[in-house]
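Peer 1: this is a predicted model, with the sequence first.
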Amino acid sequence: MQEIPARPREGDPTIEDVAAAAGVSIRTVSRVLNKSPKVNAETRARIEAAIAALNFRPSARARALAMRRSFLIGLIHNDRNALVLDSIQRGVVALTAPRGYEVIVHPTPLEAEAAIRDVLGFVERSRVDGLVILPPVSGVPGLAEALAEAQVPVAALSAVPIAGFADVIVSEERAAGAQVARHLLDLGHRRLGIVNGPADTASAMERRAGFIEEAMRGGASVAEAPGDYDFASGVAGAEQLLAQANRPTGIFAANDIMAAGVLKAAATRGIAVPAGLSVVGFDGSLVTRMLSPALTSVLRPFGDMAAAAAERLIARIEGGEAPQPFDVELRVVAAESTGPAPDF
């Protein structure tokens, strides 16, 4: 291929300069910039060489105006867990940034009418091209229908299938809850406890249902305590469970932050983990490796799930071919906080 020499000029190079250097039309350069498949390999290579030689950087504003798009994607959430949210943001950005999209993170309330009003208002103000919606917001009644009526492209994450969203990445959290129970049963535990998540969220309900069903199937008893996915509720839930005369020997906290609270409550009571108590969390977040003992937890691949949702959203925005189905694998990763049931 003939090398295209860079030429000095006043100011930044334009798309017209690239077209002239490559010997093609401006429209053909635009197609390459927008990753259109309607350009043959030889022409594409020539244009890419011209772009590199001229050090051309397309104007995001001009590109957006030309295509009548903002190249903005909204990430909608109601998640107080910074570790989880960080992993999700990184997964979305890793997929969107190379394709020229920026991400705007927007927290929203969970009450149905307020959430719908807030999300629709955000879309109107920000002019985003589409939304990635995280649980529990994705499960807000009426939100999917409102966004469909407003013709807003959406990809959602959820613990259960959601009618109304065309693209949903579903993590089978009931089955994961069952895996936790099976892990503890295999270690010989028959007195189990669970610190639940918020009672009105699908993720908490699914984790609880799977855990209890498998525990009962295995002949174990299960004591329950309420929780709210935060550290304080993990401590309080553990205190409630550990105060029982015939206390559990294995406790499942429905997320890693609450599991950290369980470990603190056990330490306060002088209960050794795992010799006197086994503890399991859920999420597989960074906190599992920061705790001592290191926390056994269900690994949830946030980044991969978020990237898969973003990929589906961009395909819908751009009218491209739908990506291959994405199977979410949730699995218990055993660490230092679980061991054989104690003899008492």
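Peer 2: It's in. Numbers count the residues shown, from 1 in each chain.

Peer 1: quick one: secondary structure of Pro135?
Peer 2: coil (DSSP: H, G, I helix; E, B strand; the rest coil).

Peer 1: name the nearest residue to it, ignoring sequence neighbours.
Peer 2: Ser158 (5.3 Å; C-beta to C-beta, 6 or more residues apart in numbering). Quick note: C-beta positions are derived from backbone N, CA and C, even for glycine.

Peer 1: my guess is that neighbour contacts Val170. True?
Peer 2: Yes - using C-beta atoms under 8 Å, Ser158 makes contact with Val170 at a distance of 5.7 Å.

Peer 1: the more surrounded of the two?
Peer 2: Between Ser158 and Val170, counted using other C-beta atoms under 10 Å, the more crowded position is Ser158 (22 against 16).

Peer 1: and that one, what is it in contact with?
Peer 2: For Ser158, the contact set (C-beta atoms under 8 Å, 6 or more residues apart in numbering) comprises Pro135, Ser138, Gly139, Val168, Ile169, Val170, Ser171, Ala202.

Peer 1: could I get these as a markdown table with secondary structure?
Peer 2: Formatted as a markdown table, these follow (three-state DSSP):
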| residue | secondary structure |
| --- | --- |
| Pro135 | coil |
| Ser138 | helix |
| Gly139 | helix |
| Val168 | strand |
| Ile169 | strand |
| Val170 | strand |
| Ser171 | coil |
| Ala202 | helix |
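
Peer 1: the stretch 101-250 of the chain: helices as residue ranges?
Peer 2: 112-126, 143-149, 173-186, 202-217, 231-242 (DSSP state H, counting those that start in this stretch).

Peer 1: dump these to CSV, plus mean pLDDT, distance to Thr338 and mean neighbour count.
Peer 2: As requested, the helices of the stretch 101-250 of the chain are exported to CSV (pLDDT from 0 to 100; distance: least, C-beta to C-beta, whole Å; neighbours: other C-beta atoms under 10 Å):
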stretch, mean pLDDT, distance to Thr338, mean neighbour count
helix 112-126, 94, 37, 16
helix 143-149, 94, 38, 17
helix 173-186, 98, 7, 22
helix 202-217, 97, 14, 21
helix 231-242, 98, 15, 21
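
Peer 1: of all the ones you listed, which one is nearest Pro301?
Peer 2: Nearest of the helices of the stretch 101-250 of the chain to Pro301, taken as C-beta to C-beta: helix 173-186 at 11.8 Å.

Peer 1: dump that closest one to CSV, restricted to CA.
Peer 2: Taking Å, rounded to 0.1, in the frame of the first residue of the first chain, the C-alpha atoms of helix 173-186 are listed here in CSV:
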residue,chain,number,x,y,z
GLU,A,173,-29.9,-15.7,41.5
ARG,A,174,-32.3,-18.3,42.9
ALA,A,175,-30.0,-21.0,41.6
ALA,A,176,-27.0,-19.2,43.1
GLY,A,177,-28.8,-19.1,46.5
ALA,A,178,-29.2,-22.8,46.2
GLN,A,179,-25.5,-23.2,45.5
VAL,A,180,-24.7,-21.4,48.8
ALA,A,181,-27.0,-23.8,50.7
ARG,A,182,-25.4,-26.8,49.0
HIS,A,183,-21.9,-25.5,49.8
LEU,A,184,-22.8,-25.3,53.5
LEU,A,185,-24.6,-28.6,53.5
ASP,A,186,-21.6,-30.3,51.9
